[in-house]
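Chemist: Model the following, please.
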Amino acid sequence: MKILKILSLVAMVMLIASCNKNGATEKPIKTELDSVSYAIGMDVARNVKASFEDFDSDLFMQGFNNVTDSTNILLEETKAQEVVRAYFQKKQKLDAAKLQEEAIKNKEAGEKFLAENKTKDGVQTTESGLQYLVLKEGTGNTPTTASKVKVHYHGTLIDGTVFDSSVDRGTPAEFGVTQVIKGWTEGLQLMKEGAKYKFFVPSDIAYGANPRPGGKIKANSTLIFDVELLEVK
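Modeler: Modelled structure (predicted):
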């Protein structure tokens, strides 16, 4: 079973770590094999942190040592596999329920934000639900779905958390008008070169319930962008 193999590898890492804590000198990295060994330890540690909120390292090492010595084994192998499988099945269900609850809260918070925002001076709302505010009008060309654009942008969640920003990186972004979220594809076609708009993008024309895993954008997040259209190609 894959998870048990991973946990066995973790045991070796923890055993080494335990020895180091008891006075052994930490080894420096000198060779390619040293680097590989250290990198595997890092990878295993990340897997453990991602899989467990709480972990009894003493019992983990007890199980490892009992199997190594073939003495005082408390669980049969089949039972051990069942225990681990049941634990992760339960954890998967709990995690899914937690994500669903978070998605519902994000949707409600976004809808409340947009309902209040659309009443503010200067904010306009399109048929799709996209809201935008003209910060500066442009005088150049307007992009179409066939265009490629060069833009500067600054993206935040409704609580102000920055999740992406070409402005902070100091380098404009270039992409096709249809290569971005629906809210951007629509919003860019409202602009002219030189314009700067603020987009308020509902989740259903942003990343919806399936944003990129591990990022700051969560399921059903409403997004805010300051967008400056530098060039239409």
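Chemist: Check the chain for its longest helix and report it.
Modeler: helix 77-117 (DSSP state H).
Chemist: Could you list every helix and strand that that helix packs against?
Modeler: Applying 3 or more C-beta pairs under 8 Å, 6 or more residues apart in numbering; DSSP states H and E, we find helix 77-117 packed against helix 2-21, strand 196-201. In this view, the C-beta of every residue, glycine as well, is placed from N, C-alpha and C.
Chemist: By mean pLDDT, show me the worst of the ones you listed.
Modeler: In terms of mean pLDDT, the lowest-scoring of those is helix 2-21 (a mean of 51).
Chemist: what's downstream of that one, the next helix or strand?
Modeler: Downstream of helix 2-21, the next assigned helix or strand under DSSP states H and E is helix 32-51.
Chemist: Convert the C-alpha atoms of that following helix to PDB, please.
Modeler: Output of helix 32-51 as PDB, limited to C-alpha atoms (Å, rounded to 0.1, in the frame of the first residue of the first chain):
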ATOM      1  CA  GLU A  32      25.300  14.400  -5.000                       C
ATOM      2  CA  LEU A  33      24.000  11.400  -2.900                       C
ATOM      3  CA  ASP A  34      24.000  13.700   0.200                       C
ATOM      4  CA  SER A  35      21.800  16.200  -1.700                       C
ATOM      5  CA  VAL A  36      19.400  13.400  -2.900                       C
ATOM      6  CA  SER A  37      19.200  12.000   0.600                       C
ATOM      7  CA  TYR A  38      18.400  15.400   2.100                       C
ATOM      8  CA  ALA A  39      15.900  16.200  -0.600                       C
ATOM      9  CA  ILE A  40      14.000  13.000   0.000                       C
ATOM     10  CA  GLY A  41      13.800  13.900   3.700                       C
ATOM     11  CA  MET A  42      12.400  17.300   2.800                       C
ATOM     12  CA  ASP A  43       9.800  15.700   0.500                       C
ATOM     13  CA  VAL A  44       8.700  13.200   3.100                       C
ATOM     14  CA  ALA A  45       8.400  15.900   5.800                       C
ATOM     15  CA  ARG A  46       6.200  17.900   3.500                       C
ATOM     16  CA  ASN A  47       3.900  14.900   2.900                       C
ATOM     17  CA  VAL A  48       3.600  14.300   6.600                       C
ATOM     18  CA  LYS A  49       2.700  17.900   7.300                       C
ATOM     19  CA  ALA A  50       0.200  17.900   4.500                       C
ATOM     20  CA  SER A  51      -1.400  14.600   5.600                       C
END
